[in-house]
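K.L.:
need a structure here:
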Amino acid sequence: MDILDIIFEHPDFVVINKPPGISVQNEAQQRGILPLICSQLGLDKLWLVHRLDKVTSGLLILAKSAEAAGIFGGIFESRKIEKFYIALSAQKPKKKQGTIAGNMTKVRDGKWMLNKKTDSAAVSQFFSSSLLPGIRLFLIKAHTGKTHQIRVALKSLGSPILGDTLYGGDDAERTYLHAYALRFSFNDQRIELLCPPTMGEQFVHQTFVQCLPEYQQPWTWNWPVLPKGLVNQRVIAATLP
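P.N.:
Numbers count the residues shown, from 1 in each chain. Got it, this is the predicted structure:
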């Protein structure tokens, strides 16, 4: 494994660009991100404060102490962090933008699906546009952090992520889902981070690279106001497409 990219380092935490195809913890045949970055930084321990799927690349926060991990626990629990992802699909969505919400139910083969209940909803918003012939670009704002949330959300739109064969995506050399941007405050310090993807034929394609400047401040986009109480897990009508 090459040296991992450090996107931001703070006395209390570090933010890295996680490569695709590697888990956060050790696996039988592969070292995980935590031991790799600990070795790289010469640290005995780091605390995982949120997760990315093995197939997903991008911004991952690791705390340097239990105290810092506790602060992040409060930030995530109170939803005082903005998380944005970029994804590609070979399928046109049922709608170009909107909100996807519903409870997540585990089904066979390690997969999840959405249902119409919203008492513990996974909530995502998205904008999409045509990138190349047969390739659709999505910018997604994840309001919650459920397992496989974005992968299931795009599947429900009829636009499974390119390379995500678990959810019916077209074959590709990687799953084209990337944790692109974060914005939060840590001990009154405002932090805004961007991390363009660097791995994957479609992510390094000239057309994709040229369009990225439009996405440099995803928190300033005109995201629709969510129905009152949706991310507080109170039951309302589902917004599934």
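K.L.:
which residues does the residue nearest to the spatial centre of the chain contact?
P.N.:
Nearest residue to the geometric centre of the chain (Cα atoms, centre = their mean): residue 179, 4.2 Å. Residues in contact with residue 179 (Cβ atoms under 8 Å, 6 or more residues apart in numbering) are 18, 52, 56, 57, 58, 59, 60, 83, 84, 85, 195. Using the backbone N, CA and C atoms, a C-beta is placed for each residue, glycine as well.
K.L.:
phi, psi of it?
P.N.:
phi -80, psi 100 (degrees, to the nearest 10).
K.L.:
list the helices and strands the top helix by length along the chain packs on?
P.N.:
When the chain is parsed with DSSP state H, its longest helix is helix 66-77. Packing partners of helix 66-77 (3 or more Cβ pairs under 8 Å, 6 or more residues apart in numbering; DSSP states H and E): strand 47-48, strand 57-63, strand 177-186.
K.L.:
in the chain, where's the longest strand?
P.N.:
Determined from DSSP state E, the single longest strand within the chain is strand 121-132.
K.L.:
for it, name the packing helices and strands.
P.N.:
The contact analysis (3+ Cβ pairs under 8 Å, 6+ apart) places strand 121-132 against strand 97-106, strand 135-142, helix 149-156, helix 206-211.
K.L.:
looking at the ones you listed, which is nearest to residue 79?
P.N.:
For residue 79, the closest of the helices and strands packed on strand 121-132 is strand 135-142, at 10.3 Å, according to Cβ to Cβ.
K.L.:
so which elements touch that closest one?
P.N.:
By 3+ Cβ pairs under 8 Å, 6+ apart, strand 135-142 packs against strand 81-89, strand 121-132, helix 149-156.
K.L.:
residue 174 and residue 161 touch, don't they?
P.N.:
No: under the criterion of Cβ atoms under 8 Å, residue 174 makes no contact with residue 161, lying 10.1 Å away.
K.L.:
tell me which of the two has more neighbours.
P.N.:
residue 161 (29 against 21; other Cβ atoms under 10 Å).
K.L.:
adding mean pLDDT, write the helices and strands packed on strand 135-142 out as CSV.
P.N.:
Listed next are the helices and strands packed on strand 135-142 as CSV, based on pLDDT from 0 to 100:
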stretch, mean pLDDT
strand 81-89, 98
strand 121-132, 95
helix 149-156, 96
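K.L.:
adding mean neighbour count and distance to residue 220, write those out as JSON lines.
P.N.:
What follows is the helices and strands packed on strand 135-142, written out as JSON lines (neighbours: other Cβ atoms under 10 Å; distance: least, Cβ to Cβ, whole Å):
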{"stretch": "strand 81-89", "mean neighbour count": "24", "distance to residue 220": "11"}
{"stretch": "strand 121-132", "mean neighbour count": "20", "distance to residue 220": "13"}
{"stretch": "helix 149-156", "mean neighbour count": "24", "distance to residue 220": "21"}
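K.L.:
how about those in JSON lines, adding distance to residue 69?
P.N.:
Below are the helices and strands packed on strand 135-142 laid out as JSON lines (distance: least, Cβ to Cβ, whole Å):
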{"stretch": "strand 81-89", "distance to residue 69": "14"}
{"stretch": "strand 121-132", "distance to residue 69": "23"}
{"stretch": "helix 149-156", "distance to residue 69": "22"}
